Structures are given as C-alpha cells and as structure tokens.
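Asks: Here is my input, please return the structure:
(2 chains)
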Amino acid sequence: MAHEHKLAIFRGRLKFKSNIQKIWGVLIFLTLITIVEVVLGIVKPTSLTHSYFLGMKVLNWIFIILTVVKAYYIAWDFMHLRDENSSLRRSIVWTPIFLVAYLIFILLFEADYIYQVYRDGFVTWNF
Amino acid sequence: MDSTVTTDTEENVWGGGNQPLGASYGKMMMWFFIVSDALTFSGFLAAYGFSRFKFIETWPIADEVFTHVPFFHGNYPMYYVAFMTFVLIMSSVTMVLAVDAGHKLQKTKVIWYMFLTIIGGAIFVGSQAWEWATFIKGDYGALETKGGRILQFVSADSGERLALRDFSETIPDDRVDHEKKNGVWYYQGESLPSYSLNEVLEGVKSNSNVLIRTEYLKDGHKTVLTREETLEKLNDASMVVEGANLVQNEYGSRLFADFFFFITGFHGFHVFSGVVINCIIFFNVILGTYERRGHYEMVEKVGLYWHFVDLVWVFVFTFFYLV
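Replies: Numbers count the residues shown, from 1 in each chain, chains lettered A, B, ... in the order given. Here you go, the predicted model:
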C-alpha cells in the first residue's frame, strides 16, 4: 500500500506522470492489441495461414504471442506486479509457467500421436 | 537461550507483524488462490488443445460458429466476442482506478468506479448468456452419421451454407412429440427435431442444388462433396441434429461443444462470483467500513481477483475464438 508506483512501461521507454495516466496508457495499448488480433482473425492473410513455424501456422503464433503480451501488461500494471517485490513476482509467475509449459508439452505430443494412430492405424471412425 | 543477546533486528523478526515478500497476509493468500486457479484453467485449456490436436483435421472453425451479433442479422464473425473482450478490459480499468482512488482514501471515487466495474461485469455475463443461448439453439442444422460425424449442407450455386428449412420436404408423419400432459407417468419423450431424417433426405434428393459439406479441413476450408458423393453419403446419415448440447453438436466435433460449455461456463461462473464479491465490497465502501479501517486494501484484493478473471478471458478468447 505504502510503496510507490513505478510509472514507466516498455522497459522505461514510456514514462507517465501519474498512476492514473499509466492506467489509461495501458488500456490504449491493450485495445490496440485486441484490434490487431480481431482484424487478423477476420482477414486471415494467406501469407500467414499458409506458412508454418514449428508445425503451427504463423498466424496462430502471432495470436499466442500477442496474448502473452496482453497477459503481461494486465498482470504487471493492473495487478500491480510491477510494484511488488521481485521475489513475490518470480514465485507467482515462474511456478505456473513451468508447470503449464510441461503440461502442454506432454498433452500436445500425446494428442499428435493419437491423431497419427487414427489416421494410419486400422481404426474406422468416419462412417 | 538466556545468554542470547537480543538485538533490535531480531526483535523485529520474531516479534510478529512481519510481511514475507513484502505483501500483507490477505494479498498473499489472494495471490496463492489466483496461482492455483490459473493452474486449473490451464488444465482445461491444455485439455482443449489435446482434443483439438487429436482431431486436428476435423475441428470446427470458430469463425463459422460464432457469427451472431444481437439485434443484427447476417454473418459477423468475431465482432461480438471482441466487444465482450473490450467490456471486460474496460471494467478492469475502472477496477484499477477504484484501487488507485482507494490508496488516496477518496471514498466517492471508489464508489463510482466500483459501480462501473459491476456494470461492466454484468454486461459481460449477460453477453455470455446470450452467446450460450445462440449456440444451443443452433443455426443451420445438420445430419449426424452412424459414426457420429456431422454432415452440413451448402448451396452448389453460391457456396453458402443452407439451413435444413431451406430445402427439406414436408412429409406427413404420425410421430408426434410426446408431452408430459399426455403421459401416464410423469415423463416426456425426447423432443423431435423440426424436420425428420426422412424429410431432410428427400429434400436433398429432390434439390439438385444441395451439396454435403463434411468435417474435413483442407487449406482452412471444410471439404464439399460432389453431387454423386452427396447422394452416396446420405446412406450414412442416422439422425437430424439442431443446435448443440453435451451430446450432439451441429457445428462439428461434439468435444468442441463440451469444451465450450465447460471452459466458458467455468469462466462465466468466475465472472459471476466476481460481480457478487464486487457488490459486497461496493456496499461496504458505501457504509464506510474501509474509511473507518483507515485503508482500502479489500478493494485491492477483490481487484486482484477481478483482473485475474480478465486475464483468463484473454487466453480463452485466443484459444477458443482466434487460433
């Protein structure tokens, strides 16, 4: 409660005069990202839907990265993680990231394996 | 122990009133809860990813499922969900403003910002209820095959989707809805679809304009069968499906509907409880509880929960509607 707000975002490139100004600034930034996401989702440029990176469409990578960026600013500025002790911040952020990354890795690999079994194996499911 | 020299610092450490990691007890517990809840949601979303990768070639396209905007007819993919996302972000902003006003002990401002936050949350929950209702009611209708796959219909001329009502024949049928009031016992039969399987089959056969669209994805589009393949595929059809529930889904894979209800439902429940908690805090602020306490930390704590709900929605939005 007592500690001061850190008023700079984008690694100190953009400084705000007061906490309220920072809140509105972050809102504008989040809105811009959402608009970009929606426009990309409606237009679906073929250059992005037909190129792949690590087995996933480039467009989907863009969506996921933009989502993580949005999540970062919600957590850091709206939930005041920027103002908390670094030890608190790290324990809150890295624990789920580690566990979730592990879970996603296992589940998606397993799912891809099952998909191949369905496709190549002697299983009829489309009748 | 008697010989231990008690210094000032030691007295501070063992004398109570410490705040590990510089956060008060309540705030820390809220963070613990949020982390565990985040793991629950991650489990759901990862399970969604699992099922999607398992059926990667036949998964429904979200843009074709969520195309409605209240009070408007036509095909508007994404717009309404984008609006809902914006409403939730906006109510997050009013929440931070309330927390900020709380730090400065400005009671009237806190009241107004809390009020706006509650309104935003209510609009979001209402929108989600509307979205559920539209999803459950369905749009075009489809046939389900014996293997549980979904067959949808498109027009051969324009390539646009066709609803069952556009081409189905009306054949007199003696099967009627069995309602509770006609039953000897207090039960009723399963409700009949608007068109029987036979009516749809005859409709497809007599309209040469109707083609079947399967679940198969090729280059981001569902595969459309030729007229000959369409007529042959009709032999596999086993029932008419309209709308979606936990067992059937006219939009495609049943798991899609299951996960939609489960994940957005669980999130909607969070928003709803968030609104209720916000209301409690709102009235406490009006009554001056925190004014007397000397600090507005409770507002900050519910604020954390409210932002978390927003945070989860950002991910649900991406993985359900965009990707």
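Asks: Would you confirm that B:Phe124 contacts B:Val271?
Replies: Yes - with contacts counted by Cβ atoms under 8 Å, B:Phe124 reaches B:Val271, the gap being 5.8 Å. For glycine as for every other residue, the C-beta is placed from the backbone atoms N, C-alpha and C.
Asks: ok, those two, which is more surrounded?
Replies: Neighbours of B:Phe124 and B:Val271, each counted by other Cβ atoms under 10 Å in any protein chain shown, are more numerous for B:Phe124; the result is 27 against 23.
Asks: Over to the more buried one. Which of the three states is it?
Replies: What DSSP: H, G, I helix; E, B strand; the rest coil gives for B:Phe124 is helix.
Asks: Once you drop chain neighbours, what's closest to the residue of the stretch 51-200 of chain B found nearest chain A?
Replies: At 3.5 Å from chain A, B:Phe53 is the closest residue in the stretch 51-200 of chain B, using Cβ to the nearest Cβ. Nearest residue to B:Phe53, sequence neighbours excluded (Cβ to Cβ, 6 or more residues apart in numbering or on different chains): A:Ala111, at 3.5 Å.
Asks: what does A:Val26 give?
Replies: Leaving aside its sequence neighbours, A:Val26 sits nearest to A:Asp77 (Cβ to Cβ, 6+ apart; 4.7 Å).
Asks: Which neighbouring elements make contact with the lengthiest helix in chain A?
Replies: Ordering each helix of chain A by length in residues (DSSP state H) puts helix A:86-120 first. If contacts are counted by 3 or more Cβ pairs under 8 Å, 6 or more residues apart in numbering or on different chains; DSSP states H and E, helix A:86-120 sits against helix B:25-54.
Asks: elements contacting the helix it packs on?
Replies: Against helix B:25-54 (3+ Cβ pairs under 8 Å, 6+ apart) you get helix A:86-120, helix B:254-259, helix B:265-287, helix B:297-316.
Asks: 7 Å instead, please
Replies: Contact partners of helix B:25-54 among helices and strands, from 3 or more Cβ pairs under 7 Å, 6 or more residues apart in numbering or on different chains; DSSP states H and E: helix A:86-120, helix B:254-259, helix B:297-316.
Asks: Which stretch among these is buried most, on average?
Replies: With neighbours defined as mean count of other Cβ atoms under 10 Å in any protein chain shown, these peak in mean count at helix B:297-316, which reaches a mean of 23.
Asks: what's in contact with that one?
Replies: Residues outside helix B:297-316 that contact it (Cβ atoms under 7 Å, 6 or more residues apart in numbering or on different chains) are A:1, A:67, A:70-71, A:74-75, A:78-79, B:24, B:26-27, B:30, B:34, B:37, B:41, B:45, B:85, B:88-89, B:92, B:95-96, B:98-99, B:102, B:110, B:117, B:263-264, B:267, B:270-271, B:274, B:277-278, B:281, B:284, B:290.
Asks: Got a quick PyMOL command for the buried subset of those?
Replies: Applying 16 or more other Cβ atoms under 10 Å in any protein chain shown to the contacts of helix B:297-316, the buried members can be selected in PyMOL as follows:
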select buried, (chain A and resi 67+70+71+74+75+78+79) or (chain B and resi 27+30+34+37+41+45+85+88+89+92+95+96+98+99+102+110+117+263+264+267+270+271+274+278+281+284+290)
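Asks: coming back round to it: ok, the residue nearest to B:Phe53 - contacts?
Replies: B:50, B:53-54.
Asks: want to try TSV for these, with neighbour count and pLDDT as columns?
Replies: Listed next are these as TSV, based on neighbours: other Cβ atoms under 10 Å in any protein chain shown; pLDDT from 0 to 100:
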residue	neighbour count	pLDDT
B:Phe50	20	96
B:Phe53	19	92
B:Lys54	21	92
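Asks: Among those, which one sits closest to A:Tyr115?
Replies: Closest approach to A:Tyr115 among these (Cβ to Cβ): B:Lys54, at 5.3 Å.
Asks: what's the nearest residue to residue 79 if we skip its chain neighbours?
Replies: Answering for chain A, as no chain was given. Nearest to A:Met79 is B:His307, by Cβ to Cβ, 6+ apart, at 4.8 Å.
Asks: actually chain B
Replies: Closest to B:Tyr79 by Cβ to Cβ, 6+ apart is B:Val69, at 5.7 Å.
Asks: Distance check, the residue of the stretch 51-200 of chain B closest to chain A against B:Leu225.
Replies: 26 Å (Cβ to Cβ, to the nearest Å).
Asks: what do you get for B:Val99?
Replies: B:Val99 is 57 Å from B:Leu225, by Cβ to Cβ.
Asks: And for A:Ser87?
Replies: 61 Å.
Asks: Kindly report the same for A:Gly12.
Replies: From A:Gly12 over to B:Leu225 (counting by Cβ to Cβ), the distance is 59 Å.
Asks: quick one: which of the two has more around it?
Replies: B:Leu225 (17 against 9).
Asks: hang on, the more buried one packs against B:Ile212?
Replies: Yes - here B:Leu225 lies in contact with B:Ile212, judged by Cβ atoms under 7 Å, at a distance of 4.7 Å.
Asks: Can you pull the residues that touch both of the two?
Replies: With Cβ under 7 Å, 6+ apart, B:Leu225 and B:Ile212 have common neighbours B:Lys233.
Asks: per the record, what domains does chain A have?
Replies: A:1-84, A:86-127 (automatic domain parsing).
Asks: Would you format those domains as a markdown table with mean pLDDT included?
Replies: Output for the domains of chain A, formatted as a markdown table (pLDDT from 0 to 100):
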| stretch | mean pLDDT |
| --- | --- |
| domain A:1-84 | 87 |
| domain A:86-127 | 90 |
